[in-house]
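Visitor: Return atomic coordinates for the entry below.
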Amino acid sequence: MQVVRKDDVAIYNLTKGKQLPQWLSDRKKRKMQQEDPELQQRIELIQDFTMPTASTCIALSRTCEYIYVAGTYKPRIRCFESDQLSMKFERQLNSEVVAMQCLTDDYSKLAMALDNREVEVHARYGYHYRVRVPKHCRDLAYHFPTCDLVVVGSSPDVWRINLDQGRFLSPYTVENGSAVNVAEINPLHGLICAGTDGGFVECFDPRVRERVGCVDIASRIPAEMLVGDGLPEVTAINCFGNGLTMAVGTSSGHVLMYDIRSARPELTKDHNNGLPIKTVTHHPESGNVISADPKGIKIWDEHTGENYTTLEASADINQVCVVPGSGLIFAANESEDVFTYFIPSLAPAPKWCSYLDSITEELEENTEATVYDDYKFVSREEVEKLGIENLIGTSMLRAYMHGFFMDTKLYREAKAIAEPFAYEEYRKERLEKLLEDGDAKRIKLRKAARALPKVNRRLAERIIEEGEVAPESRKRKKKKNKAVALAEGGPVDESNPLGDSRFSSMFTDAAFEVDEKSEQYKLLHPSESQAMASRPDLLVASDKFNAVEDSGESEAEGKGSDGSSSDSDDDAAFKARSSEKKAKLKAKKERQKEKKAATPKVSMLELNEGESYRPGMSRKDVQGEATPKGGKKTFGARLKTEVRPLAKVRDVGGGKEMSFSQSRSKPSDADSSASAARRKDQRGVTGLGLKKAPKQKYWRGKPV
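Guide: Numbers count the residues shown, from 1 in each chain. Modelled structure (predicted):
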């Protein structure tokens, strides 16, 4: 549901919202509705209140219990039951419906004027009768007292079909026009009004069967309000329930309000777009008139013509139907969905959807959602660029217009494969931007540090760098802290970086200076005290630069230490930082020298005369310092001489497999002779003279 506010009027568009693609299966739709919270919150007033391509006209039964919608393609009508909020039946037709009229209070009888010069009457069971008229139909109306079906078309005749007798009656003939565009019957006294293409409205009384009045509509429109050549035609007529007021819509986009007792209009309303008026309806509960053209719906006061609100449609409107006694409006249009609007300020919702009154109070204004949020439209060029041409024709790429619909997750994966370095380029650009921002921030901080006060300079610098503010100044949310402005490079007050006059003496009076060498300060700031003790090379601006004196120039000019230039005081913090960096670099170089000196040098050794190289020789063996006879070898020497198990390593399925095999040394001659003597002394089983046991015999599973 989308909420639009125009002229302080809330308009709830029940058709808008996240849409599900029609080509999805029912199972996929149910799954998406369960997973997506936006789809769960969508309000579907009437289930499947759509047409395959477009809807041409819409009609209500007299009790407003049934809603008829006609559309294409193929030509069909659908009946929706309001109590069940779903479709009751659907019927296919041979031609498109031009106009239709409910003949009873329920859905049992319906009359339709088709585009092929035929008028069809349907009953409860379906098609009942078809009759052909002389010319193409444009509109029809039903006169309940006489059971006459009035049909008009591209002829000056107004045909009458009596449904009780089942035959044509003598037609009425208009005198001012070659065709009749619209027919309307007054609900109070039954006067038949016919609007012609010549700009006239001619009225016929069925009691006397002749014309009783004629109104020239085209001549009553001011010339300055007309656009283009030719006289406007009458395209819409609506007779109000009081029996005296009549609203007439023209092809030039004007609506004229008449009292049928007068030939002059009481009010002329201009839509200001030059498009023909499709529908004019009276809303007696609010005292407004609802008129529609192809681009939108206007609601205005019936007495003054002042605009109440305007509804803009996303597709051309064909017909508008207002549910009597409510603020619910249906609009047949050139799109699949039948537009449904609800305006609570006009009237409450109908009984069959009374829950709208409570829901609309809780809804907030939302932006219009894009079509198919979970799917992305890609052109054929993008498909070739992503390298997924092999998916064309599968369910992963759904052909639509000049491209395809594909799942958003699939699109992201394909884009990541096709452009693997896109993230690296983004990361590089992001790093460059951060470096530029850091340089700009450092420049601002340097400019800000030049304006630091002389007293408690380190405290002011800490406030700027860490963003600390006094508790009293936090309470003033509307005032921007000057310390923050200092960090941003803005103007700074040298005497008070906190921006609070109550603390100005802390940065101007030396009596309030913080003694960082005192025991109390060290106890309150143990980490800072340890850092200063471990790093004596750190410079304290208040200690170092206040004691510096230029005896040559300052004394010659008659100035003491208090008269030193402001530039030296302003650059104190920068000199401290530069000296700290130099000390760090110096310490780093010293550590590198010590590491280099501790690295052992490579030395070349030469074998003694008469010696030859043997595997497992140590440094001492080469230098003539072999292990004495009978002495113990070192652990490394023993590892080199010992027989160790052999290990084989190979890759298996992305991992590693290791197998060990123990190598055995060849046995000595003494060991071999001893093992042979033991085998000789062993006594075999055959020497015992044992007999073999007879083999057991079985018959049918039993021993014999």
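
Visitor: what is the mean pLDDT for the host helix or strand of Y172?
Guide: Using DSSP states H and E, Y172 sits within strand 167-173. For strand 167-173, mean pLDDT rounds to 93.

Visitor: again, but for stretch 400-410
Guide: For stretch 400-410, mean pLDDT rounds to 85.

Visitor: K109: what's its closest spatial neighbour, skipping adjacent residues?
Guide: Spatially, and ignoring its direct neighbours in sequence, K109 is nearest to L103 (3.9 Å; Cβ to Cβ, 6 or more residues apart in numbering). (Each C-beta comes from the backbone N, C-alpha and C, glycine too.)

Visitor: Same check on E90?
Guide: Nearest to E90 is R78, by Cβ to Cβ, 6+ apart, at 4.8 Å.

Visitor: Identify the bridge partners of S55.
Guide: G71 (DSSP bridges).

Visitor: rewinding a little: which parts of the strand holding Y172 are buried?
Guide: 169, 171-172 (16 or more other Cβ atoms under 10 Å).

Visitor: Can you give me the distance of D509 to T63?
Guide: 90 Å (Cβ to Cβ, to the nearest Å).

Visitor: ignore the last one, W159
Guide: 28 Å.

Visitor: what about the two, which has more around it?
Guide: Using other Cβ atoms under 10 Å, the more surrounded residue of W159 and T63 is W159, with 25 against 12.

Visitor: and the more buried one, backbone torsions?
Guide: With angles defined as degrees, to the nearest 10, W159 sits at phi -80, psi 140.

Visitor: so it sits right up against V151, yeah?
Guide: Yes: at 4.6 Å, W159 and V151 qualify as touching, with contact defined as Cβ atoms under 8 Å.

Visitor: Now do the shared contacts for the two.
Guide: V133 (Cβ atoms under 8 Å, 6 or more residues apart in numbering).

Visitor: surely the residue nearest to K109 meets L140?
Guide: No: counting by Cβ under 8 Å, L103 sits too far from L140 to count as a contact (10.9 Å).

Visitor: any residues in contact with both of these two?
Guide: With Cβ under 8 Å, 6+ apart, L103 and L140 have common neighbours A111.

Visitor: ok, these two, which is more surrounded?
Guide: L140 (23 against 19).

Visitor: name the element that one belongs to?
Guide: Residue-wise, L140 maps onto strand 137-143 under DSSP H and E.

Visitor: And R30, by the same measure?
Guide: Taking DSSP H and E as the definition, R30 sits inside helix 26-35.

Visitor: Now do that helix, average pLDDT.
Guide: 78.

Visitor: ok, and for it, which residues are buried?
Guide: Buried-residue list, helix 26-35, by 16+ other Cβ under 10 Å: M32.

Visitor: which other helices and strands contact that helix?
Guide: helix 37-40 (3 or more Cβ pairs under 8 Å, 6 or more residues apart in numbering; DSSP states H and E).

Visitor: In this structure, where is pLDDT below threshold?
Guide: Applying pLDDT under 70 to the chain flags residues 1, 17-22, 38-41, 227-229, 363-373, 439-451, 466-499, 527-577, 598-671, 682-690.

Visitor: ok, 50 please
Guide: Within the chain, the stretches falling below the threshold (pLDDT under 50) are 365-370, 468-492, 535-570, 625, 628-630.

Visitor: buried ones in stretch 240-248?
Guide: Within stretch 240-248, the residues that qualify as buried are 240, 245-248, counting by 16+ other Cβ under 10 Å.

Visitor: now the helices for the stretch 301-450 of the chain?
Guide: 355-362, 380-386, 408-418, 422-449 (DSSP state H, counting those that start in this stretch).

Visitor: Can you report how many residues lie near R76?
Guide: That count, for R76 with other Cβ under 10 Å as the rule, works out to 17.

Visitor: Give me the spatial nearest neighbour of V201, chain neighbours excluded.
Guide: Nearest to V201 is V215, by Cβ to Cβ, 6+ apart, at 4.6 Å.

Visitor: ugh, wrong one, I meant P171
Guide: Closest to P171 by Cβ to Cβ, 6+ apart is D157, at 4.2 Å.

Visitor: Just give me the neighbour total for that neighbour.
Guide: Using other Cβ under 10 Å, D157 is surrounded by 18 other residues.

Visitor: show me the residues around it that make contact.
Guide: 134-135, 171-173, 180.

Visitor: For beta bridges, what are the partners of it?
Guide: T173.

Visitor: Distance check, it against L163.
Guide: Counting by Cβ to Cβ - D157 and L163 are separated by 19 Å.

Visitor: Kindly report the same for I217.
Guide: Counting by Cβ to Cβ, the gap from I217 to L163 is 31 Å.

Visitor: So these two - more neighbours on which side?
Guide: I217 (24 against 16).

Visitor: hang on, isn't that one packed against A236?
Guide: No: applying Cβ under 8 Å, one finds I217 not in contact with A236, separated by 11.1 Å.

Visitor: quick one: common contacting residues for those two?
Guide: 195, 248.

Visitor: And the next helix or strand past the strand holding L140?
Guide: strand 148-153.

Visitor: Tell me what angle that following strand forms with strand 137-143.
Guide: Angle, strand 148-153 to strand 137-143, by axes from the mean of the first three to the mean of the last three Cα atoms, to 10 degrees: 160 degrees.

Visitor: so what does strand 148-153 touch, helix or strand wise?
Guide: strand 137-143, strand 155-162, strand 180-185.

Visitor: looking at those, which is closest to I67?
Guide: strand 137-143 (17.5 Å; Cβ to Cβ).

Visitor: Could you find the closest non-adjacent residue to G177?
Guide: T196 is the one closest to G177 (Cβ to Cβ, 6+ apart), at 2.8 Å.
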